[in-house]
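Participant: sequence below, structure please.
(5 chains)
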Amino acid sequence: MDIASVAGLLLAFGLIITAIAIAPGSSFAAFIDYPSLMVVVGGAIAAAMISFPLKTFLGLANVLKKVFLNRIEDIPGLIENIVSLAETARRDGLLALESKVEEIEHPFIVLGIQMAVDGTRPEVIEDVMRTELDAVATRHRDGKSLLDQMGRFAPAFGMIGTLMGLIIMLGNMSDPSSIGAGMAVALITTLYGAIAANVLFLPFAEKLGFINKQELLAMEIIIRGIMAIQTGDNPRVIEQKLNTFLPPKLRAGSQEAA
Amino acid sequence: MDIASVAGLLLAFGLIITAIAIAPGSSFAAFIDYPSLMVVVGGAIAAAMISFPLKTFLGLANVLKKVFLNRIEDIPGLIENIVSLAETARRDGLLALESKVEEIEHPFIVLGIQMAVDGTRPEVIEDVMRTELDAVATRHRDGKSLLDQMGRFAPAFGMIGTLMGLIIMLGNMSDPSSIGAGMAVALITTLYGAIAANVLFLPFAEKLGFINKQELLAMEIIIRGIMAIQTGDNPRVIEQKLNTFLPPKLRAGSQEAA
Amino acid sequence: MDIASVAGLLLAFGLIITAIAIAPGSSFAAFIDYPSLMVVVGGAIAAAMISFPLKTFLGLANVLKKVFLNRIEDIPGLIENIVSLAETARRDGLLALESKVEEIEHPFIVLGIQMAVDGTRPEVIEDVMRTELDAVATRHRDGKSLLDQMGRFAPAFGMIGTLMGLIIMLGNMSDPSSIGAGMAVALITTLYGAIAANVLFLPFAEKLGFINKQELLAMEIIIRGIMAIQTGDNPRVIEQKLNTFLPPKLRAGSQEAA
Amino acid sequence: MDIASVAGLLLAFGLIITAIAIAPGSSFAAFIDYPSLMVVVGGAIAAAMISFPLKTFLGLANVLKKVFLNRIEDIPGLIENIVSLAETARRDGLLALESKVEEIEHPFIVLGIQMAVDGTRPEVIEDVMRTELDAVATRHRDGKSLLDQMGRFAPAFGMIGTLMGLIIMLGNMSDPSSIGAGMAVALITTLYGAIAANVLFLPFAEKLGFINKQELLAMEIIIRGIMAIQTGDNPRVIEQKLNTFLPPKLRAGSQEAA
Amino acid sequence: MDIASVAGLLLAFGLIITAIAIAPGSSFAAFIDYPSLMVVVGGAIAAAMISFPLKTFLGLANVLKKVFLNRIEDIPGLIENIVSLAETARRDGLLALESKVEEIEHPFIVLGIQMAVDGTRPEVIEDVMRTELDAVATRHRDGKSLLDQMGRFAPAFGMIGTLMGLIIMLGNMSDPSSIGAGMAVALITTLYGAIAANVLFLPFAEKLGFINKQELLAMEIIIRGIMAIQTGDNPRVIEQKLNTFLPPKLRAGSQEAA
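Facilitator: From the prediction side, this is the model:
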């Protein structure tokens, strides 16, 4: 679970709740209005449903899960993994990898090793893996774009709700004492829209961008590694090649030995 | 018919209507103002007429039809189709395709097959098909840009209408009791503009972008397929080539057999 | 004359006038304020004068004329024209084109033919024509940018005028009955700015973009045609080459014959 | 001095002054507020000081001088100049240029000729001149960015000043008669910010962009010219080459002679 | 310490404090509201925590230190340094550099020299250094993006706080005399957000961009220099090569001697 995201969310909502609690003459009840919530959240969801293909929209849950549960790709561990596979392949032949496949967690490595073990031609392996990488990149782009758009639609529906509230209030001015309350309710929708966008959707979209970049880097490293294993490269050379994707501090082996 | 778009629209308008219905002291009549509707919708249409060539503007109806009625291109089915044509061509010769042309639905395949059967030179076939693809891409871009612009002009005319309403109201302040009502009517135009942009034009533009991308992908696959058929490629090889456009899960054949 | 632009303008102003006419308690006089008009139009012009080189700014009249009077380039007719010149050149030699130059309307064809007849070397002809095309493209870009900027400055000066009006009004609050009128006058400037931008400058800029693209396409076709004529290409081949710039439906010749 | 910029500025401020003068119940005193001026101008300057390296910020005066005093590069005259140098070099040898250097105004030509006369190798000359061109381009980009940023900070500080004014005013509501005046003063800061951005900074940035483009074009032409002179090219050929940078109407020589 | 940044900050806050001090009827107390500060600063921090990976967010302190303490890279001094190393290497051999490493301040030169002394192959040296440069560039991009985002979130949370203040105020209108004060407090949050963005985050982001560009230029020069030293290039040639990164005025050696 991503500590920073959770801490950030707790901080944001904690601040808002504290600010309400310490304000003289304020009450939490004044900040809860279900129709406003319905217009902002429902409106953003409706606009996203119209904007995106059904499949992309239904991926929203997965996208959110990913923002919170993202296991940061452990790139140095990944490289170690690939190097260890390369050693096995060098020592005992490509077929020996079959028994090791089960221990591997990353499904993309499994896919590549499986094909290598099956004797698939290198061009075909690379082709299949790159197509998969492209498909993942597209899914990433669509997922981020979904959150970005909801971050744009939420304040828009906040404004729509506030305009509706103002129009209702202005049509009932016979009782001037109710003006303040009506206006307050109208403004809540704008508040909800601003919070939804700036605490949830836009920061989530930003975070998703970072997670996606890391995930694609891992896939790129795996493709390079699998191709090198199949070619029968020396495990040390493979390690050196893959290490260039890392900043020096994090590198497992040392280039100077080369 | 696209379920997500229709459901999204029903949801959006359902939310707005419900929010009005449950608000105390509100009435639907307060939200209907024909001159406001006229300024927003008419204004956005007028601005689009000035902005775009007549032909592009007249394509608006088609663009909207496409957003709702889009049959998602069935890419795997399309590839199967092309492979089956390739098998016929291999078995019975290119001319045998003539009898099969009538069964094909996709007009772009028909165009290509017709030229291949007529013995048109490959370069000319590719040239004609690519020009058609370019023309479709341009038409797509213009269509999306039309919706994007209307999504920008609608709120602008909403603001223009509200300013006009405010100016009229401020000129009639002799009767203070009418101020509330005048202000409400003025705000309705802004509300209409915001709804037109955020429920209709902008989500439609977004959706159109996805539909267009899918359509161009299908055309690209068809071009590759027709060229391969004319060259006399092995149907299995053609299938493999075209399958690289798909994510592995959706692929008809299996690469491992290669 | 461009029907769509004129119809769009009539529609936009018609809507605005109708909306004022049918509003109860409204009068056209309330919407006319010369100082506001002066600030918005004069301000946008002044800002454009500071922003652009004098020559570009003085081209504004031409740019506006072009938006309204644009004769859409008749690309198929243009190709026919070039093919007919190619036939003459093939039959009677390049010099025979001299007598035909007078019949040609498009000055860019005349420029090219004149150089070809004079025996100018092909590289020089292409060079001269491409430089002219680049110069036209730059002029186009500057013209569109001029309208875009005025579409941005007009609302800015609308806001400046409204702020001035509010400041004056707020300094004269001794007579409360005049507040409404003062406020109304202040808002008129914002209204003018919004109309100038959304009915005039921004749609004009958009339209100009389309006209320019078409004009550059015609110039590109002419360059290709003149070069082919000088090389002595077969008129049929020239036609086929130039036709690839057109969508299939509009093509004069038929590729199948090739 | 650039007529258009000066005329535009006079027009803009003339309009604003006239609008104030003819408004009933208005006075110039109502539009002058030194603290507001201080917040807007000082704030934009402070933000620019924080944003830019000291050297870039100190170049602001030069940048402004350039916007007003820009001598439009006389490209045809420049080409004539270079051709005349080429003629001298051809007739009397490269060394003969030494005596002519003093007559040349453009320091960039002097730099190039000096190196050519000194017998510097062509690669080194081009290298030195291109590095200078790159440095000028970077300085240009920074200068334009400085004006652009100030055009963004000025309205932001206008808003900051207005918020400050409103907060002060709202804390002194015991005397309701002063509300109008307080509000007027608060709004003046926003007005100053809008004028600073839309009359000064943003149009200046735009104009600077045009001046810079012209200056870089002149430097490019000079580099080409100097290299050609050193190679000993025929002056007519040099003229022809450099003329391709000009639209046909402005060309000194005639290509047809080639 | 960067004089311009500090002077700019002092100027900005000095202006704001002066403007409050000289305004009649104003007090500093009216501009201090801790809950507002908490919402704006806390909210921007919370949103940044959700948006960025923990590691990037924790780098914020370093980023801010860099904006203030940036020692501008002394490029001419750097080149002199490298040339002096080259002279030693030429005279006494690569190994002689080992004793000089301790005198060098720039850690990136040390890294390169160390590897050269260790006899690492040139390709590996360049590879390691370029990977480091890429890692620094990514860290720079993330750091600037962090400040940019906080410059966007601060005003958003300013608006959220103001909306909350307005809703509380509108719910307590029984005592009309408190309206002014409530409104003033509500506006303070917007003021804080605007100041945080326009005095701190956005100018800092801009400045960081310049510092980063300079730092990457220095690293590029060092890479070129180390590679040339290892190749055993003549120190004069190295100087000439590296000098092309500088505008002529700042160059140590003179090209004419070449």
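Participant: pLDDT value on residue A:113, please?
Facilitator: As predicted, residue A:113 sits at a pLDDT of 90.
Participant: send the alpha carbons of the helix or strand containing it over as CSV?
Facilitator: Using DSSP states H and E, residue A:113 sits in helix A:107-117. The C-alpha trace of helix A:107-117 is given here as CSV (Å, rounded to 0.1, in the frame of the first residue of the first chain):
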residue,chain,number,x,y,z
PRO,A,107,3.7,-12.5,-15.4
PHE,A,108,5.5,-10.7,-18.1
ILE,A,109,8.8,-12.6,-17.4
VAL,A,110,6.7,-15.8,-17.4
LEU,A,111,5.3,-15.0,-20.8
GLY,A,112,8.7,-14.4,-22.3
ILE,A,113,10.4,-17.4,-20.6
GLN,A,114,7.5,-19.7,-21.7
MET,A,115,8.0,-18.6,-25.3
ALA,A,116,11.8,-19.0,-25.1
VAL,A,117,11.4,-22.5,-23.7
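Participant: please see if that helix touches chain B.
Facilitator: Yes: on the criterion Cβ under 8 Å from any Cβ of the partner chain, helix A:107-117 is in touch with chain B at A:111, A:115. From N, CA and C alone the C-beta is placed, and that goes for glycine too.
Participant: downstream of that helix, the next helix or strand is which one?
Facilitator: Downstream of helix A:107-117 (by DSSP H and E), the next one is helix A:122-170.
Participant: average pLDDT across that next one?
Facilitator: Here the average pLDDT along helix A:122-170 is 91.
Participant: quick check: angle from whichever helix or strand comes after it to helix E:122-170?
Facilitator: Counting by DSSP H and E, the next helix or strand C-terminal to helix A:122-170 is helix A:179-195. Put simply, helix A:179-195 runs at 170 degrees to helix E:122-170, going by axes from the mean of the first three to the mean of the last three Cα atoms, to 10 degrees.
Participant: give me the low-pLDDT residue ranges for chain A?
Facilitator: In the predicted model of chain A, residues A:1, A:71-72, A:176, A:247-258 satisfy pLDDT under 70.
Participant: so the spatially most central residue of it is in which element?
Facilitator: Most central in chain A under Cα atoms, centre = their mean is residue A:208, positioned 3.0 Å from the mean C-alpha point. Element membership for residue A:208 (DSSP H and E) is helix A:202-231.
Participant: give me the buried positions along that helix.
Facilitator: Residues of helix A:202-231 classed as buried by neighbour count (16 or more other Cβ atoms under 10 Å in any protein chain shown): A:202-212, A:215-216, A:218-219, A:221-230.
Participant: compute the inter-axis angle for the helix or strand following that helix and helix E:122-170.
Facilitator: Note on helix A:202-231: by DSSP H and E, the next helix or strand toward the C-terminus is helix A:235-243. Counting by the same axes, to 10 degrees, helix A:235-243 lies at 40 degrees to helix E:122-170.
Participant: now helix A:235-243: how far from the chain's centre is it?
Facilitator: Relative to its chain's centre, helix A:235-243 lies at 30 Å (Cα atoms, centre = their mean, to the nearest Å).
Participant: in that helix, what's buried?
Facilitator: So for helix A:235-243, counting by 16+ other Cβ under 10 Å, buried means A:235, A:238, A:239, A:240, A:241, A:242, A:243.
Participant: got it, and stretch A:29-47?
Facilitator: A:30-31, A:33, A:35-36, A:38-47.
Participant: of those residues, which belong to helices?
Facilitator: Mapping these onto helices (DSSP state H) picks out A:35, A:36, A:43, A:44, A:45, A:46, A:47.
Participant: for chain A, list the residue farthest from the centre, please.
Facilitator: Chain A, farthest from centre, Cα atoms, centre = their mean: residue A:174 at 50.8 Å.
Participant: from residue B:181, how far out is it?
Facilitator: 11 Å (Cβ to Cβ, to the nearest Å).
Participant: neighbours around the residue of the stretch 51-200 of chain A found nearest chain D, how many?
Facilitator: Going by Cβ to the nearest Cβ, chain D is nearest to residue A:180 of the stretch 51-200 of chain A, at 16.3 Å. Neighbour count for residue A:180, taken as other Cβ atoms under 10 Å in any protein chain shown: 19.
Participant: wait, it sits on residue E:175?
Facilitator: No: here residue A:180 does not reach residue E:175: they are 11.2 Å apart, not a contact under Cβ atoms under 8 Å.
Participant: any idea how far residue A:160 is from residue A:195?
Facilitator: Per Cβ to Cβ, residue A:195 is found 16 Å from residue A:160.
Participant: the two - which one has more neighbours?
Facilitator: residue A:160 (28 against 23).
Participant: thinking the more buried one is in contact with residue B:193, fair?
Facilitator: No: here residue A:160 does not reach residue B:193: they are 10.0 Å apart, not a contact under Cβ under 8 Å.
Participant: for chain E, what's its nearest residue on chain A.
Facilitator: Counting by Cβ to the nearest Cβ, chain A gets nearest chain E through residue A:8, at 3.1 Å.
Participant: okay, now the closest residue to that residue other than its chain neighbours: neighbour count?
Facilitator: In space, and not counting its chain neighbours, residue A:8 is closest to residue E:49: 3.1 Å by Cβ to Cβ, 6 or more residues apart in numbering or on different chains. The local packing of residue E:49 (other Cβ under 10 Å) involves 26 other residues.
Participant: who are the contact partners of residue A:148?
Facilitator: A:201, A:202, A:205 (Cβ atoms under 8 Å, 6 or more residues apart in numbering or on different chains).
Participant: residue A:5 now?
Facilitator: Applying Cβ under 8 Å, 6+ apart, we find residue A:5 in contact with A:67, A:68, A:203, A:207, E:49, E:50.
Participant: state the distance from the third one to residue E:51.
Facilitator: The reference is to residue A:203. For residue A:203, the distance to residue E:51 - Cβ to Cβ - is 4 Å.
Participant: list residues touching both of those two?
Facilitator: In contact with both residue A:203 and residue E:51: residue A:8, using Cβ under 8 Å, 6+ apart.
Participant: shouldn't the residue nearest to the centre of chain A be in contact with residue A:147?
Facilitator: Yes: at 6.2 Å, residue A:208 counts as touching residue A:147 under the criterion of Cβ under 8 Å.
Participant: need the residues touching each of those two.
Facilitator: Shared contacts of residue A:208 and residue A:147 (Cβ under 8 Å, 6+ apart): residue A:63.
Participant: give me phi/psi at the residue in chain A that chain B sits nearest to?
Facilitator: The minimum distance from chain A to chain B, using Cβ to the nearest Cβ, falls at residue A:49 (3.1 Å). Dihedral pair for residue A:49: phi -60, psi -40, per degrees, to the nearest 10.
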